[in-house]
Every structure is written in structure tokens, then in C-alpha cells.
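Visitor: coords please:
(one chain, ligands or ions: 2)
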Amino acid sequence: MPPEASTRIAPSILAADFGRLGDEIRAVDAGGADWIHVDVMDGAFVPSISFGTPAVAAARAATRLPLDVHLMIEPVEPHLDAFVAAGADAITVHVEAVADPAATLRRIRELGVRAGLTLRPGTPESSLWPHLDALDIVLVMSVEPGAGGQAFIPEMLDRIASLAARIEAQSSEIDLVVDGGINADVAPRVAEAGGQVLVAGTSVFGHPDGPASGVRALRRALG
Ligand code: DX5
Ligand code: ZN
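Guide: Numbers count the residues shown, from 1 in each chain. Ligands and ions are numbered 1, 2, ... in the order given. Coordinates of the predicted model:
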């Protein structure tokens, strides 16, 4: 099976119409989405504020799809229990925002959810290497964290391929997630480079024919 055929799609609700959040989530679910990506921003680790555990709880009430929570916050540890209680199935934290990544990843797993680590485009990839045997998700940011609607950074294709090879070499059951600026044009190249789960906000929820069509357009692009 070609890699693209098994590529999963995770719409980011940051780009959803919050006046109809439940309907928007049900639409991408009906359109064939695999996960729901929830972008939590605190206005400190990243300049903007998005939403917190109420948005996770609302998503949990709207779908049975896995909720993939991306914490762009600092500190992280005081909030983990609340995000799990709200319904998170996976929590991905920034390596730049935690003093002891190994301890934080351990705590997330102790809470019974999947543990992920991510990094800004400018942070060396090597910052993740020591932790690969302690996590379930590696998230490659292909935009600067903090906003949707940005352009994909093509230099991240090399990082995706490099991490995919490293993960393969240690035959880990890690999901390699790519997040930021992904649309029907970029998606095949990201999958070809090794991206297994593609996060897309604007290209899905901003699709002219609606979110379900946005998911289907990405799926068609992946072949
Ligand atoms: C950016 C977020 C991304 C972003 C994706 O900080 O982590 O998940 O919302 O949205 P688009 O697809 O619009 O770049
Ligand atoms: Zn994200």
C-alpha cells in the first residue's frame, strides 16, 4: 500500500466556525476525518489565545473521533489532568515549553492518553531524539505555532523525512504528524516525505463547499 493511501487527516478546529462548532465537527467526521486536532494557545508561549478545556469538552460531545490536543502553552504540567478529564485522547506538548520532557511525557501516559512532542521550525530536530522511545506522537510544525492560515514551510519536508527515517530505524509505533499550512497541493509531498497524519485547518474549514468537501478534497489529493 503506498504511504499516501494510509495517510490520516486531522482537521484543526482552530479554523472552524465557533458559532456552529458541533455542526462543523460533525461535518468533518461525516467527510471522513480520522482525528480532530485541537489547538490550545495561551497568549504567552504563542502570541494569541485560542481556547481551553471547554473546547475539548465540546468536541468530545460532538464526535467519537480521537481528540488530538496540541498544547501551545507554558507551563504545561498544571493543566494535563484537566485536558484529559475534558476528553483528550492525545496530548502533544512543545519541547521548548517543558523543563523535563521525559517526565512530562511519562505523566501524560500515566493519565492514560497518548503522549506527543513537537517543536518550532527553528528548534533543532535533535531536541526530540532522546525522547523517541518515550512517546506515541511526533508532531512536525510546518508553520510557526500561534496561528492558522499561514503558508507551509517547504524546508520542513527534509525534517519530516529525517524524523520518519529515524522513527523507522527504531521501529517505533510513533505517529508522525505534520501541522500547518497543509492543503491539497502540499499534502501529497508531505505524505511522500513520511507524514502519516496531516493536520489541516484553513484548507478544510475554509473550503468553499464546506468542511466535509474540504476533507474529501485532501483525501483525493492523497490518492
Ligand atoms: C498553528 C496550529 C496549526 C494550525 C493549522 O499554531 O498548530 O494546527 O491551526 O491550521 P492551518 O491548516 O490553517 O495552517
Ligand atoms: Zn496544531
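
Visitor: Excluding chain neighbours, what is closest to residue 174?
Guide: residue 167 (4.9 Å; Cβ to Cβ, 6 or more residues apart in numbering). C-beta coordinates here come from the backbone N, C-alpha and C atoms, glycine included.

Visitor: Next one: the nearest residue to residue 105 once chain neighbours are set aside from residue 188, what distance?
Guide: Nearest non-adjacent residue to residue 105, counting by Cβ to Cβ, 6+ apart: residue 115, 4.4 Å away. Distance of residue 115 to residue 188, computed by Cβ to Cβ, to the nearest Å: 29 Å.

Visitor: which one of the two has more residues nearby?
Guide: More crowded of residue 115 and residue 188, by other Cβ atoms under 10 Å: residue 115, with 23 against 15.

Visitor: With residue 54 as the reference, measure out to residue 82.
Guide: 10 Å.

Visitor: my bad, should have said residue 172
Guide: When distance is defined by Cβ to Cβ, residue 172 is 34 Å away from residue 54.

Visitor: next one: phi and psi at the residue nearest to residue 105?
Guide: Reported as degrees, to the nearest 10, the phi and psi values for residue 115 are phi -110, psi 130.

Visitor: thinking again about what came up before, mind checking which of residue 172 and residue 54 has more residues around it?
Guide: Taking neighbours as other Cβ under 10 Å, residue 172 and residue 54 compare with residue 172 leading, 16 against 9.

Visitor: How about the more buried one, nearest residue that isn't a chain neighbour?
Guide: Leaving out its chain neighbours, the residue that sits closest to residue 172 by Cβ to Cβ, 6+ apart is residue 132, at 6.1 Å.

Visitor: Wait, residue 223 touches residue 188, no?
Guide: Yes: the criterion here is Cβ atoms under 8 Å, and residue 223 meets it with residue 188 at 7.0 Å.

Visitor: What segments of the chain are helices?
Guide: 21-30, 53-62, 80-86, 101-110, 156-169, 187-193, 202-205, 211-222 (DSSP state H).

Visitor: Would you mind finding the most buried of these?
Guide: With neighbours taken as mean count of other Cβ atoms under 10 Å, these reach their highest mean count in helix 202-205, at a mean of 25.
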